[in-house]
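In: Below is the sequence, then the predicted model.
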Amino acid sequence: MVDESDEGDNVAAAVLIVVPAPRANLLSRVAPVSGMLFTGQDILLTFTVVNSGNTDSIPCQLSLRLSATDALALEGATLEPSRVLFGALTPGETVEVTVRLRLEAADIYTVFADVDSG
């Protein structure tokens, strides 16, 4: 055993301030479609993807899927392309993606867009 003259100086402490890591924040938006839509018509949808985060993203993909009130209405529907790959986005950078939608049955449709990096 070692004799110490001052036991009060045997402890040290460090204060650590941890902040969130920089990350990409990818947002997707779709331009509104105006006018009447008819069966058999090609409809162009334009999606905008923006990196609103504070660091570069890794390569990204935009995945699209279609739903309808009547599931049978989807049989004649085409959505091309249904997946779009693109490179990394820097903060504030945007990419526009245009897809073609053709609907053969009258119904109410919803197009879902999911953007993902990774």
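Out: Received it, and whenever you're ready, just let me know what you need. Numbers count the residues shown, from 1 in each chain.
In: pLDDT weak spots in this structure?
Out: For the chain, the stretches with pLDDT under 70 are 1-4, 7-8, 118.
In: Now with 80, please.
Out: Within the chain, the ranges that satisfy pLDDT under 80 run 1-10, 118.
In: Tell me where it has strands.
Out: Taking DSSP state E to define them, one finds strands in the chain at 26-30, 42-51, 60-68, 78-80, 83-86, 94-102, 109-117.
In: would you list those strands in JSON lines and tack on mean neighbour count?
Out: The way it works is simple: take the backbone N, C-alpha and C, and place the C-beta from them, glycine included. Converted to JSON lines, the strands of the chain look like this (neighbours: other CB atoms under 10 Å):
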{"stretch": "strand 26-30", "mean neighbour count": "16"}
{"stretch": "strand 42-51", "mean neighbour count": "16"}
{"stretch": "strand 60-68", "mean neighbour count": "17"}
{"stretch": "strand 78-80", "mean neighbour count": "14"}
{"stretch": "strand 83-86", "mean neighbour count": "14"}
{"stretch": "strand 94-102", "mean neighbour count": "15"}
{"stretch": "strand 109-117", "mean neighbour count": "15"}
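In: can you redo those strands as CSV with distance to residue 36?
Out: Formatted as CSV, those follow (distance: least, CB to CB, whole Å):
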stretch, distance to residue 36
strand 26-30, 18
strand 42-51, 11
strand 60-68, 18
strand 78-80, 20
strand 83-86, 27
strand 94-102, 15
strand 109-117, 14
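In: Grab the nearest non-local neighbour of residue 98.
Out: In space, and not counting its chain neighbours, residue 98 is closest to residue 46: 4.8 Å by CB to CB, 6 or more residues apart in numbering.
In: In contact with that neighbour, which residues?
Out: 30, 31, 96, 97, 98 (CB atoms under 8 Å, 6 or more residues apart in numbering).
In: Tell me who's in contact with the last one.
Out: Yep, that's residue 98 we're talking about. 44, 45, 46, 47.
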